[in-house]
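1. could you look at this predicted model? Sequence included:
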Amino acid sequence: MAAPGPGEYFSVGSHVSCLTCLGQRLQGEVVAFDYPSKMLTLKCPSSSGKPNLSDVILINLAYVSDVDIINDRTETPPPLASLNVSKLASRARSEKEDKLSQAYAISAGVSVEGQQLFLTIHKTIKDCKWQEKNIIVMDDVVISPPYQVENCKGKEGSALSHIRKIVEKHFRDVESQKSVQRTQAQQTQKDSSLSS
């Protein structure tokens with residue numbers, strides 16, 4: 001069957017196998033099915049191989065050549081797990097603050113290098129913010145433009161030392177990435193001149 005006909009549907013909890021138009025076989029447990037859009041959501045074993053995780057795949061049945069129901073579930077599916085609304089609200093608030101911080105940096109005219117450094121530091125230390133064009137980390141360390149190791153100021157100690165190491169590693173990684181890109185560009189240019 002290519003797609004469900006009028007009145008046909010997939011029961012939540014059923015196990016199905018789909019063959020896509022590209023010849024890929026997908027198999028899993030039905031989590032949801034939207035009849036008007038013909039979208040099927042399957043929970044499949046994790047591609048990472050970890051037993052406590054699952055992959056969730058959205059399948060547009062317009063691009064499926066065959067669907068087989070392996071095990072049809074007729075009983076009522078179990079209730080959905082409850083959501084921790086306060087945790088979701090906290091995460092949304094945190095994401096909003098991060099986006100506003102990025103927007104502030106752009107509007108303040110902070111260089112791209114400064115913005116990238118801020119993001120790198122923020123991955124490790126959440127307590128960092130902008131103060132005009134300066135990055136303030138843990139209210140102890142100030143990094144001013146042009147955002148190099150020598151631009152890290154604060155009370156000597158482990159916090160300042162740690163931030164300097166992060167800054168140093170960030171610029172080492174950026175330089176390494178630029179070097180790889182230059183090598184690739186040179187190789188592409190060399191290959192194109194040889195084929196001419």
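-> Structure received. Because the structure is predicted, anything quoted here is derived from the model rather than measured.
2. from here on, just use CA atoms for contacts and neighbour counts.
-> Will do.
3. what about the helices in the chain?
-> 85-107, 112-124, 158-195 (DSSP state H).
4. just those helices: most buried one?
-> Across the helices of the chain, averaging neighbours per residue (mean count of other Cα atoms under 10 Å) puts helix 112-124 on top, at a mean of 16.
5. average pLDDT for that helix?
-> Across helix 112-124, pLDDT averages out at 92.
6. ditto for stretch 178-186
-> For stretch 178-186, mean pLDDT rounds to 85.
7. just to revisit the earlier point, distance to Leu53 added to the helices of the chain, as a markdown table?
-> Formatted as a markdown table, the helices of the chain follow (distance: least, Cα to Cα, whole Å):
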| stretch | distance to Leu53 |
| --- | --- |
| helix 85-107 | 20 |
| helix 112-124 | 24 |
| helix 158-195 | 32 |
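8. nearest to Asp66, of these?
-> Taking Cα to Cα, helix 85-107 is the member of the helices of the chain nearest to Asp66, at 37.9 Å.
9. show me what the closest one is packed against.
-> helix 112-124, strand 128-131 (3 or more Cα pairs under 8 Å, 6 or more residues apart in numbering; DSSP states H and E).
10. measure the closest residue to Leu40 other than its chain neighbours to Ala103 for me?
-> With Cα to Cα, 6 or more residues apart in numbering as the criterion, Leu40 has its nearest non-adjacent residue at 4.5 Å, and that residue is Phe33. Using Cα to Cα, to the nearest Å, Phe33 is found at 38 Å from Ala103.
11. with Ser14 instead?
-> Counting by Cα to Cα - Ser14 and Ala103 are separated by 46 Å.
12. on that earlier part again, in a markdown table: the helices and strands packed on helix 85-107, plus distance to Ser158.
-> A markdown table is the format used below for the helices and strands packed on helix 85-107 (distance: least, Cα to Cα, whole Å):
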| stretch | distance to Ser158 |
| --- | --- |
| helix 112-124 | 15 |
| strand 128-131 | 16 |
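13. the longest strand along the chain pairs with which strands, and in what direction?
-> Ranked by residue count under DSSP state E, the longest strand found in the chain is strand 25-34. Within its sheet, and counting by DSSP bridges, strand 25-34 is paired with strand 15-20 (antiparallel), strand 39-45 (antiparallel).
14. dump the last one to PDB, keeping only the CA atoms.
-> Coordinates of the C-alpha atoms in strand 39-45 are reproduced here as PDB (Å, rounded to 0.1, in the frame of the first residue of the first chain):
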ATOM      1  CA  MET A  39       2.600  12.300   8.000                       C
ATOM      2  CA  LEU A  40       3.600   9.200  10.100                       C
ATOM      3  CA  THR A  41       5.900   9.500  13.100                       C
ATOM      4  CA  LEU A  42       7.900   6.400  14.100                       C
ATOM      5  CA  LYS A  43      10.000   5.600  17.100                       C
ATOM      6  CA  CYS A  44      12.900   3.500  16.000                       C
ATOM      7  CA  PRO A  45      15.900   2.000  17.800                       C
END
